[in-house]
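sequence unavailable; structure follows:
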């Protein structure tokens with residue numbers, strides 16, 4: 001079984017720019033990718049490929065249509081994901097397993113028969129993928145997990161990483177002085 005991870009380092013995570021510089025965001029992106037790869041290596045997935053070329057949809061669709069075996073598409077900004085989450089996703093009894101992200105995104109997508117599917121990561125990709133699977137007559141399972149739904153897009157997302165993270169991304173944030181802040185009554189982040 002193969003996993004593919006679409007990854008863009010250059011000017012990564014631009015929505016974190018109020019808190020982190022471009023070089024810090026790029027390093028954080030690499031650390032999060034490292035955390036995702038570590039989770040994959042501890043799972044039943046036996047090979048993975050990092051896609052760095054082309055647009056998101058083009059790269060993923062190209063990869064899934066070149067394979068005959070079941071495939072997991074996983075986003076690189078899921079530093080809280082663990083091997084057990086991956087194992088649960090790929091063992092679900094459905095043609096398509098969708099792990100939604102916040103705001104209508106798709107953080108992980110397992111395709112038992114990849115050639116029958118075409119991804120669409122525009123706008124509310126969770127709804128897009130649900131519709132694509134149903135239009136193709138494929139069974140769907142929605143994988144509900146706080147850790148898998150928690151991607152790192154906005155500064156407030158980093159709160160969860162600092163609280164729950166144990167991998168390279170959480171360590172990196174602490175090394176560059178990003179810490180929890182409770183000055184406004186709600187937990188946020190600040191940079192020393």
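Nice, I can see it. Because the structure is a prediction, the values reported are computed rather than measured. Numbering: from 1, shown residues only.

please name the nearest non-neighbouring residue to residue 114.
Leaving out its chain neighbours, the residue that sits closest to residue 114 by CB to CB, 6 or more residues apart in numbering is residue 64, at 3.9 Å. Bear in mind the C-beta positions are built from the backbone N, C-alpha and C, glycine included.

err, residue 8, not the other one
Closest residue in space to residue 8, ignoring its immediate chain neighbours: residue 52 at 7.1 Å, by CB to CB, 6+ apart.

wait, doesn't the one you found sit right on residue 7?
Yes. Using CB atoms under 8 Å, residue 52 is in contact with residue 7, at 5.6 Å.

among these two, which residue is more densely surrounded?
When neighbours are counted by other CB atoms under 10 Å, residue 7 comes out ahead of the other of residue 52 and residue 7, with 18 against 12.

how about the more buried one, nearest residue that isn't a chain neighbour?
Closest to residue 7 by CB to CB, 6+ apart is residue 76, at 4.6 Å.

contacting residues for that neighbour?
5, 6, 7, 29, 32, 33, 36, 50 (CB atoms under 8 Å, 6 or more residues apart in numbering).

show me the residue at the heart of this structure, geometrically.
Nearest to the geometric centre of the chain sits residue 75, at 2.7 Å (CA atoms, centre = their mean).

gap between the nearest residue to it once chain neighbours are set aside and residue 6?
Distances taken as CB to CB, 6+ apart put residue 107 closest to residue 75, at 5.0 Å, once the chain neighbours are dropped. To residue 6, residue 107 is 12 Å away according to CB to CB, to the nearest Å.

can you check which residues contact both of those two?
residue 75.

re earlier: so the residue nearest to residue 75 makes contact with residue 78?
Yes. With contact defined as CB under 8 Å, residue 107 counts as touching residue 78 (5.8 Å).

ok, the two, which is more surrounded?
Taking other CB under 10 Å, residue 107 and residue 78 do not tie; residue 78 has more neighbours (27 against 24).

mind checking which helix or strand that one is in?
Under DSSP states H and E, no helix or strand contains residue 78.

now it: how far from residue 165?
Look at residue 78 and residue 165: by CB to CB, they are 11 Å apart.

joint contacts of these two?
By the contact definition CB under 8 Å, 6+ apart, residue 78 and residue 165 are jointly contacted by residue 35.
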